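Asker: What follows is a protein structure lacking sequence information:
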């Protein structure tokens, strides 16, 4: 009976510790709140999409929404003043909702950007203009730099495991990814653990290949063109212009991999079993 009670206590401790780890990650990294439900979200200015496919949901607060053509697999939530121009067979599979009050989603996106910017950097760089690999620390990685612009097919590679979270705070020179330059992931890092927070300048991607992560430009424009695939999301407080682009919605979720937590739980349960065997 004593062994059984000890086992129960150890199991409860395992659940508590794993849950506590997940909560500590969530407390440290910013949350996108209601904004996390959108693959493409513009809250100040018009949006122009030409030959664009969005796998996920779309939202726009104001301005003109031009699809020529564009295809959205989810819903479109639109503010009262948004003028819709859909041509070339454009369609929104999940339907259009208008008017929608997007105030909270905008606030959540802006607050997430501000919270990310306030985090203490774990690594600091200037202008990143050539290929670079940044190794994770197994937890929350806060990278501060003035520019991300690797040239001519080079990559900024985020290396780590499924438990690594990368927040890239980019300063006055913004992000420019051209001719195959990309933000790439290695070693088990996933797009839902990458947030690119562009605090100055613009987001510009042209022939950018495959990009990974959620891009937030709280007060600037986003221009994306020619064969770019984004596994993540784009959220901007300025004009959005996209051509020949695919966005696959992968929400930023700042918590450790469930597989890691399960493995920890199994390990602790194994310890309980060995302890029970040795005391019986």
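Answerer: That came through fine. Remember, it's a predicted structure, so these values are computed and weren't measured experimentally.
Asker: what's the neighbour count on the nearest residue to residue 153 once chain neighbours are set aside?
Answerer: With CB to CB, 6 or more residues apart in numbering as the criterion, residue 153 has its nearest non-adjacent residue at 3.6 Å, and that residue is residue 180. Bear in mind the C-beta positions are built from the backbone N, C-alpha and C, glycine included. Using other CB atoms under 10 Å, residue 180 has 17 neighbouring residues.
Asker: Please tell me I have it right and residue 180 contacts residue 152.
Answerer: Yes - here residue 180 reaches residue 152: they are 7.4 Å apart, a contact under CB atoms under 8 Å.
Asker: my guess is residue 107 is in a helix, correct?
Answerer: Yes - Residue 107 forms part of a helix when assessed by DSSP: H, G, I helix; E, B strand; the rest coil.
Asker: That one: what's it in contact with?
Answerer: Taking CB atoms under 8 Å, 6 or more residues apart in numbering, we find residue 107 in contact with residue 33.
Asker: Likewise for the one 4 residues further on?
Answerer: Remark: with contacts taken as CB under 8 Å, 6+ apart, residue 111 is in contact with 30, 33.
Asker: For it, which three-state class applies?
Answerer: In the three-state summary, residue 111 is assigned as helix, counting by three-state DSSP.
Asker: Report the separation between it and residue 133.
Answerer: Counting by CB to CB, to the nearest Å, the separation of residue 111 from residue 133 is 31 Å.
Asker: what ranges of the protein fall below the confidence cut-off?
Answerer: Along the chain, the model assigns pLDDT under 70 to residues 1-27, 255-280.
Asker: Let's check: the centremost residue of it is which one?
Answerer: Nearest residue to the geometric centre of the chain (CA atoms, centre = their mean): residue 214, 2.9 Å.
Asker: how about that residue, what does it touch?
Answerer: With contacts taken as CB under 8 Å, 6+ apart, residue 214 has the following neighbours: 32, 191, 194, 195, 196, 232, 233, 234, 235, 250, 251, 252.
Asker: thought the second one was touching residue 250?
Answerer: Yes - shown here, residue 191 and residue 250 form a contact pair, counting by CB under 8 Å, at 4.3 Å.
Asker: circling back: list only buried entries from the contacts of residue 214.
Answerer: The neighbour count (16 or more other CB atoms under 10 Å) marks 32, 191, 194, 195, 196, 232, 233, 234, 235, 250, 251, 252 as buried among the contacts of residue 214.
Asker: quick revisit: overlap of the contact sets of residue 191 and residue 250?
Answerer: In the contact map built from CB under 8 Å, 6+ apart, the residues linked to both residue 191 and residue 250 are 214, 231, 232.
Asker: Show me which residues of stretch 110-123 are buried.
Answerer: Using 16+ other CB under 10 Å as the test for burial, stretch 110-123 gives 110, 111, 112, 113, 116, 117, 119, 122.
Asker: Centre of the chain to it, how far?
Answerer: Between the centre of stretch 110-123 and the centre of its host chain there is 14 Å, according to CA atoms, centre = their mean, to the nearest Å.
Asker: can you check stretch 127-139 too?
Answerer: Chain-centre distance of stretch 127-139: 17 Å, with CA atoms, centre = their mean.
Asker: Quick one: end-to-end length of that stretch, please.
Answerer: Using CA to CA, to the nearest Å, the end-to-end distance of stretch 127-139 comes out at 24 Å.
Asker: likewise stretch 196-208?
Answerer: End-to-end span of stretch 196-208 (CA to CA): 15 Å.
Asker: Right, I'll call it a day here.
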